[in-house]
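> Okay, here's the prediction I keep looking at, along with the sequence it came from:
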Amino acid sequence: MKHIAMLAALLFLGAGCCWAEQQYPVTGMLLKVDPSHGTFVASCQSIPGFMDAMVMPFQVREAKELQGLTPGMTVDFTLVVEKESNYAEHLQVRRYESVEQDPMTARRWKLLNQLSHLASASAKAVSIGQKVPNFTLTDQNRRHVVLSQFTGKVVVINFIYTSCALPNFCFRNSNNFGVLQKRFQEKMSRELVLLTVTFDPQRDHPDVLAKYAKTWKADPATWHFLTGSVPDIQHVSNLFGVDYYPDEGLMDHSLHTAIIDRQGKLVANLEGNLFTAEQLGDLVQIILTRGGSGGPSQTSPGS
């Protein structure tokens, strides 16, 4: 495999008698974490002058480095390459910081979230490893879409609104799914389904979503753009911890991309927009490959 070949190349480079330890800063999305063996697999960004972006396994020397780390998290760490070995150290979760950094705005959002949760206390956010409650929404072709109809398939869900003007938010979410649709073309419908939910149902009617879907050349049989009543959208958003509220004609909102396994269990809930489409695809590939639930993957506070 490509990443094994890269590790072999690293060791080969260290065969010379004058080898000096090398250290490289690395950023990657965790795909697998195995504390018992002190290893993890990450989809890494490129290291200029050293290696291209790729999926690679890494060893840590101290198991405590992996405490609290789970698939879906984005981490920064140092890759140490020695003469006959290499390992990762100083792993730090890269925390997602919302665009809402103004203190007054942040307090307002917190208050609105609290009020929203009081109004819909029956819809608590699903924890990793739990089965996602069934829900029904309407897609861009005015068809009812029920989550349970996709049992046996991997489902990836994100949230947008079509009027979003910021390219690194809703546009990036949709672009990520466009990349998934192309990458997993042969698995779409048979093994993988994409659901994009609007949190602006008062404006994003099916006809609006159909037009938006065409922008991304979305196959309506495998990539559903979903809307519904305001309470239904609030309910589904709450299931995945998505926060939003109107602000002068636009929507202030959090970003979440969730992955549900073939058994209907939540295996990852990525917050933010710091991961690439390729890294999201690598995580989806891992979940598709393992076939079953294979144990939980934690929500990512720093993706």
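Cool, the structure landed.

> give me the low-pLDDT residue ranges for the chain?
1-19, 96-123, 165-168, 246-253, 291-303 (pLDDT under 70).

> Please enumerate the strands of it.
Along the chain, the segments classed as strands by DSSP state E run 22-34, 39-44, 54-59, 74-81, 86-93, 136-138, 144-146, 154-160, 192-198, 223-226, 244-247, 250-253, 256-260, 266-271.

> domain parsing for the protein?
2-93, 122-290 (automatic domain parsing).

> Mean neighbour count, those: which tops it?
Most buried of the domains of the chain, by mean neighbour count (mean count of other Cβ atoms under 10 Å): domain 122-290, with a mean of 18. In short, each C-beta sits where N, CA and C put it, glycine included.

> now the helices: where do they sit in the chain?
2-13, 103-119, 170-183, 206-215, 230-239, 277-290 (DSSP state H).

> if we can go back for a sec, dump the strands of the chain to CSV, plus distance to residue 210.
Converted to CSV, the strands of the chain look like this (distance: least, Cβ to Cβ, whole Å):
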stretch, distance to residue 210
strand 22-34, 32
strand 39-44, 33
strand 54-59, 36
strand 74-81, 33
strand 86-93, 39
strand 136-138, 11
strand 144-146, 14
strand 154-160, 14
strand 192-198, 12
strand 223-226, 8
strand 244-247, 22
strand 250-253, 20
strand 256-260, 22
strand 266-271, 27
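
> how about these, which one is nearest residue 206?
Shortest distance between residue 206 and these, using Cβ to Cβ, is found for strand 136-138: 6.1 Å.

> And the closest one, what does it pack against?
Contact here means 3 or more Cβ pairs under 8 Å, 6 or more residues apart in numbering; DSSP states H and E; on that basis strand 136-138 packs against strand 144-146, helix 230-239.

> helices and strands around the first one, which ones?
If you count contacts as 3+ Cβ pairs under 8 Å, 6+ apart, strand 144-146 packs onto strand 136-138.

> Kindly report the same for the longest one.
With contacts defined as 3+ Cβ pairs under 8 Å, 6+ apart, helix 230-239 has these neighbours: helix 103-119, strand 136-138, strand 192-198.

> Off-centre distance for the shortest one?
So that's strand 136-138. Put simply, strand 136-138 sits 22 Å off its chain's centre (Cα atoms, centre = their mean, to the nearest Å).

> which residues sit against it?
Applying Cβ atoms under 8 Å, 6 or more residues apart in numbering, the contact partners of strand 136-138 are 144-147, 197, 206, 226-228, 232-233, 236.

> Repeat the analysis, applying 6 Å as the threshold.
144-146, 226-228 (Cβ atoms under 6 Å, 6 or more residues apart in numbering).

> try the last one
Here strand 192-198 makes contact (Cβ under 6 Å, 6+ apart) with 150, 153-161, 177, 184, 204, 222-227, 236.

> Now do that strand against helix 277-290, angle only.
130 degrees (axes from the mean of the first three to the mean of the last three Cα atoms, to 10 degrees).

> Can you show me the CA trace of strand 192-198 as CSV?
Output of strand 192-198 as CSV, limited to C-alpha atoms (Å, rounded to 0.1, in the frame of the first residue of the first chain):
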residue,chain,number,x,y,z
LEU,A,192,-23.5,5.1,0.3
VAL,A,193,-26.1,7.8,0.5
LEU,A,194,-25.7,11.6,0.9
LEU,A,195,-28.2,13.8,2.8
THR,A,196,-28.0,17.6,2.8
VAL,A,197,-30.5,19.2,5.1
THR,A,198,-31.4,22.9,4.9
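
> Tell me what angle that strand forms with helix 206-215.
Using the same axes, to 10 degrees: strand 192-198 against helix 206-215 is 130 degrees.

> relative orientation of strand 192-198 and helix 170-183 in degrees?
Going by the same axes, to 10 degrees, strand 192-198 makes 160 degrees with helix 170-183.

> starting at the chain centroid, how far to strand 192-198?
So, by Cα atoms, centre = their mean, the centroid of strand 192-198 is 13 Å from its chain's centroid.
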